[in-house]
Structures are given as C-alpha cells and as structure tokens.
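Q: have a look at this prediction, sequence included:
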Amino acid sequence: MIVQFGSALIELVLGDITTQEVDAIVNAANSYLAVGGGVDGAIHDAAGSEIMQELERRYPDGCPTGSAVATSAGQLSARYIFHAVGPVWQGGGKKESQLLESAYETCLNLAEQYDCQSVAFPSISTGVYRYPVDLAGEIALRTVATKLESTKQIKLVRFVLFDQGTFGCYSRILETMLV
C-alpha cells in the first residue's frame, strides 16, 4: 500500500527491515542501546558487530526513551541506522503516546539532518514493549504524515511490518487517514 502525503510517499510492506534499500533503517532499540531481541537483534545480526562497537563508543550513556541516535549501517545496504527508543506500554497513563510520537519525530529529524530521502521504520514498541498495535500505528502514521506535509527532504517513509496482523492494522489506519 502506497499513499502520498505532501511531496512524499508512505509505503506499507510486509517483510524484513534488514533487506530494505533505503538511506536509513530505524531500529527499535532499548535505552541501554544493548543488543536485544526482535527487530533490534535482527538488525544487529545483519549489520555486524561494528554497530555495537560504534554505539558503545559514541553513546556510552545510552539513549532516553522517546529519542533516537544515529550510527553507520555496517553491512546493511542503508547508509544509517537510527536507534529509536520507544516506551514500554504501562496502560497509557505514563506519557507513552508522547514518548512514542517523539521517537518517530526524532528519527524524521535525523533523516533531515543526515540528508536522507528514504527511511524504513518498524512498528516501534509493539513487540516486547507491548504497545497496542492499533494505538501505536495511529501515532506512527499520523506523526509521519504530518512531517511529510512540511518537508521537501524526505521522499519515502516505508513501514516494514513483520506480521500480517500488524500490516493489516496499519493498512486500516492509513485508509482512514485518506477519508
């Protein structure tokens, strides 16, 4: 599914984020920037050990929730990895929505800062952090669409979704944004 916002596109695909040919891949990281499971583990495995070494050297204090940091992309075809720290779902009363929105915004700002025209995002916080996919998808798509309306730099934001349920949920949300 591909939809235009401003002069850019939002694309939804079912697949493996590590194989995407984009300028930057977003990693769903933890605040310690340590190798985790899920998307984080897959990206580190595909990119190679130099990414962890770069993270330890450049960001020894980690990254706060709701923010992101940039590294090279190692053995991936992308130029950069943006390591975004989304919130752990605690029922919605701990500013989770603002923190998730901030994580996406920070990545989009990094894309502009690093002269990226294309970015691939996973569904941040919806795995082991248990953020409800429907709520997370709404925040992700709305935040990206808003940014794309005002930027000339970014031409493509691709959401690479790992399973059919998440893909279907994001697709339904994106369709309602067009009405």
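A: Perfect, I can see it now. Numbers count the residues shown, from 1 in each chain.

Q: going forward, measure contacts and count neighbours with C-alpha atoms only.
A: Fine.

Q: got a list of what the residue nearest the centre of the chain touches?
A: Centroid-nearest residue in the chain, with CA atoms, centre = their mean: residue 121, separated by 3.3 Å. Residue 121 sits next to 17, 25, 26, 27, 157, 158, 159, 160 when contact means CA atoms under 8 Å, 6 or more residues apart in numbering.

Q: go again using 6 Å as the cut-off
A: Counting by CA atoms under 6 Å, 6 or more residues apart in numbering, residue 121 makes contact with 26, 159.

Q: measure it to residue 90 for me?
A: 23 Å (CA to CA, to the nearest Å).

Q: kindly report the same for residue 107.
A: Counting by CA to CA - residue 107 and residue 90 are separated by 23 Å.

Q: who has more neighbours, the two?
A: The neighbour count for residue 107 versus residue 90, taken as other CA atoms under 10 Å, is higher for residue 107 (26 against 12).

Q: how far out from the middle of the chain is the helix or strand harbouring the more buried one?
A: Taking DSSP states H and E as the criterion, residue 107 maps to helix 96-113. In this view, helix 96-113 has its centroid 8 Å away from the chain centroid, taken as CA atoms, centre = their mean, to the nearest Å.

Q: where in this protein is pLDDT low?
A: Within the chain, no range satisfies pLDDT under 70.

Q: show me the helices in it, by range?
A: 38-47, 50-58, 96-113, 133-150, 164-177 (DSSP state H).

Q: format the ones you listed as JSON lines; extra columns: distance to residue 32.
A: Below are the helices of the chain laid out as JSON lines (distance: least, CA to CA, whole Å):
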{"stretch": "helix 38-47", "distance to residue 32": "12"}
{"stretch": "helix 50-58", "distance to residue 32": "9"}
{"stretch": "helix 96-113", "distance to residue 32": "15"}
{"stretch": "helix 133-150", "distance to residue 32": "22"}
{"stretch": "helix 164-177", "distance to residue 32": "26"}
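
Q: which of those helices sits most buried?
A: helix 96-113 (a mean of 21; mean count of other CA atoms under 10 Å).
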